[in-house]
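Chemist: the sequence and its predicted three-dimensional model are supplied below.
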Amino acid sequence: MLRARIAVLVSGGGTNLQALMDSRSRGEMPHSALTLVIADKAGIGAIARAERGGIPCLVIPRREEGFEKRVLDALAEYRIDMVVLAGFLGILSADFIRCFSGPIINIHPSLIPSFCGQGFYGLRVHEAALSYGVKVTGATVHFVNEIPDGGRIIAQKAVDIQPGDTPEVLQRRVMEEAEWQLLPAAAEQVAKQLVEQLK
């Protein structure tokens, strides 16, 4: 069966990458082929997860000159159809987005348009939600465009904030209750659309 070839870009422990691989193992991503992982620094947990999952992994340091060109070259070499940003902390340039012809999707740990955009990543998002006093947060999967967290929304899931939540506790709950469910489902949805276009 025809499947969309997916590259996953990562910057940390790789829990969202693991969610994708677990979903694949359960047979929930029939239109998706996890083909390549690109880590933007050496020694991160996502690399070991990719190796255990049998997915080729390239380390391309984001802070080195030519990062985006090297990533684009790798995407071309592996014939990648779509890119998933899974805990990737870089912001891709408008040039990169124009040069890659396929869809790029991202998972963000809030209900966009709240607590998103430049500077909102990792624990900062959950700190802001708690500081503001909102009662509900969550996660959003969206298409990537030239505006940070500004692309069209694919899926969202709400998560209640509990009394006594710390940023770390809230981060974990948003991952477990929203991110790890949303991202594989959204990636498969986009992959299925791609495969139907390729038929």
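Modeler: Noted; the coordinates are in hand. Numbers count the residues shown, from 1 in each chain.
Chemist: how about the helices in the protein?
Modeler: Along the chain, counting by DSSP state H, helices occupy 15-25, 45-52, 67-77, 94-99, 123-132, 167-174, 180-198.
Chemist: could I get these as TSV with mean neighbour count?
Modeler: (C-beta placed from N, C-alpha, C; glycine too.) Listed next are the helices of the chain as TSV, based on neighbours: other Cβ atoms under 10 Å:
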stretch	mean neighbour count
helix 15-25	21
helix 45-52	18
helix 67-77	16
helix 94-99	14
helix 123-132	17
helix 167-174	17
helix 180-198	19
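Chemist: how many neighbours does the closest residue to Gln181 other than its chain neighbours have?
Modeler: Distance criterion Cβ to Cβ, 6 or more residues apart in numbering; nearest residue to Gln181, sequence neighbours excluded, is Lys157 at 6.7 Å. A count of neighbours around Lys157, defined by other Cβ atoms under 10 Å, yields 16.
Chemist: so Lys157 makes contact with Trp180?
Modeler: No. Counting by Cβ atoms under 8 Å, Lys157 stays clear of Trp180, with 10.2 Å between them.
Chemist: identify the bridge partners of the residue nearest to Gln181.
Modeler: With DSSP bridges as the criterion, Lys157 is bridged to Ala139.
Chemist: show the pLDDT at it.
Modeler: Predicted confidence (pLDDT) for Lys157: 98.
Chemist: I'm done for today, thanks for sticking with me.
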